[in-house]
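Undergrad: would you be able to build a 3D model of this:
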Amino acid sequence: MSNNHVYKKVEVAGSSTKSIEDAIEGAIAECSKSMKHVEWFEVVETRGHVTDGKVAHYQVVLKVGFRIEGS
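TA: Alright, predicted model coming up:
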């Protein structure tokens, strides 16, 4: 990140039956489809769902930062 740019943050949740990393990558991929200049993310929550004593899926809440165009 640079002091010469202006950024905005949005909060999104991604989920996956595979892994936390897959949930993060899926959320970033989807954000990148509708937002330009996605440059960073921060994981603010991690949770999951348990079925029959096993992890059924993972969910992560992310703050995704993108640069304001022209800044």
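Undergrad: once you drop chain neighbours, what's closest to residue 45?
TA: Closest residue to residue 45 apart from its sequence neighbours, by C-beta to C-beta, 6 or more residues apart in numbering: residue 61 at 3.8 Å. To be clear about C-beta, it is placed using only N, CA and C from the backbone, and glycine gets the same treatment.
Undergrad: and the one you found, which helix or strand is it part of?
TA: Taking DSSP states H and E as the criterion, residue 61 maps to strand 54-67.
Undergrad: so how far is that strand from its chain's centroid?
TA: 5 Å (C-alpha atoms, centre = their mean, to the nearest Å).
Undergrad: show me what it is packed up against.
TA: Using 3 or more C-beta pairs under 8 Å, 6 or more residues apart in numbering; DSSP states H and E, the elements in contact with strand 54-67 are strand 7-16, helix 20-34, strand 38-51.
Undergrad: in its sheet, what does that strand sit against?
TA: When pairing is defined by DSSP bridges, strand 54-67 lines up against strand 7-16 (antiparallel), strand 38-51 (antiparallel).
Undergrad: could you point out which of the ones you listed sits nearest residue 68?
TA: Of all the strands paired with strand 54-67, it is strand 7-16 that lies closest to residue 68, at 6.0 Å by C-beta to C-beta.
Undergrad: distance of the spatially most central residue of the chain relative to residue 70?
TA: Nearest residue to the geometric centre of the chain (C-alpha atoms, centre = their mean): residue 62, 4.0 Å. In this view, residue 62 and residue 70 are 25 Å apart by C-beta to C-beta, to the nearest Å.
Undergrad: check residue 52 too.
TA: When residue 52 is compared with residue 70 (using C-beta to C-beta), they lie 52 Å apart.
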